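Novice: return a 3D structure for these sequence lines:
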Amino acid sequence: QMCIRDSINAEYGGPVSEKGPKKASTRNLIPSVPMTEAAAKIKSVQTFGRKKTAIAVAYVTQGRGLIKINGRPWTLVEPEILRYKVFEPVLLLGAQRFSKVDIRIRVKGGGYVSQIYAIRQCIAKAIVAWYQKYIDESSKKEIKEILSTYDKYLLVADPRRSEPKKFGGRGARARFQKSYR
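Specialist: Presented below is the predicted three-dimensional model:
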């Protein structure tokens, strides 16, 4: 019986025997397929934001200023009261800095508020990473300065976590009431 690797190697002229391919031979390796021209030219950056157990991942590509969160436009973020928290990085830096990039965000875990804070952090980190990789270092430093003076948690994850419950009480610190009779 031939396995998939053997059939591919046979197709490209690699040796195939009853015992299987030889391990020391370099001819057994499947040749690497060159990337297409379009795939090689795609500029992209991937960043993440975290808050409690919510994780948001932003994928930034060259584009025309679209920002989507879980496939929906970012103007439809729920809850509506916290919508401006998501807009903060764009309002601080100006829409012109976001006009040449598309940002697609996937977010999961946590609750509504944690997800909102994770989203805003990953948008801020994404634009910083884009400017560092494809624009220039001086504008990246300027962006970082603007964001960190407004709120340091736009660029740095909040380390606070929920403390686990212990025995002998209702929660992490509260104890059951003591009674003597």
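Novice: per-residue pLDDT, Val33?
Specialist: Val33 carries a pLDDT score of 53 in this model.
Novice: in the chain, which helix is the longest?
Specialist: Ranked by number of residues, the top helix in the chain under DSSP state H is helix 112-134.
Novice: could you list the buried residues of it?
Specialist: Within helix 112-134, the residues that qualify as buried by neighbour count (16 or more other C-beta atoms under 10 Å) are 114-132. To be clear about C-beta, it is placed using only N, CA and C from the backbone, and glycine gets the same treatment.
Novice: likewise stretch 101-109?
Specialist: Across stretch 101-109, burial judged by 16+ other C-beta under 10 Å covers Val101, Asp102, Ile103, Arg104, Ile105, Arg106, Val107.
Novice: would you mark the buried spots in stretch 74-82?
Specialist: Trp74, Val77, Leu82.
Novice: the last one belongs to a helix, doesn't it?
Specialist: Yes. Assignment of Leu82 by DSSP: H, G, I helix; E, B strand; the rest coil places it within a helix.
Novice: where does the residue nearest to Pro164 when sequence neighbours are not counted land on pLDDT?
Specialist: The spatially closest residue to Pro164, leaving aside those adjacent along the chain, is Ala172, at 6.4 Å (C-beta to C-beta, 6 or more residues apart in numbering). The per-residue pLDDT reported for Ala172 equals 95.
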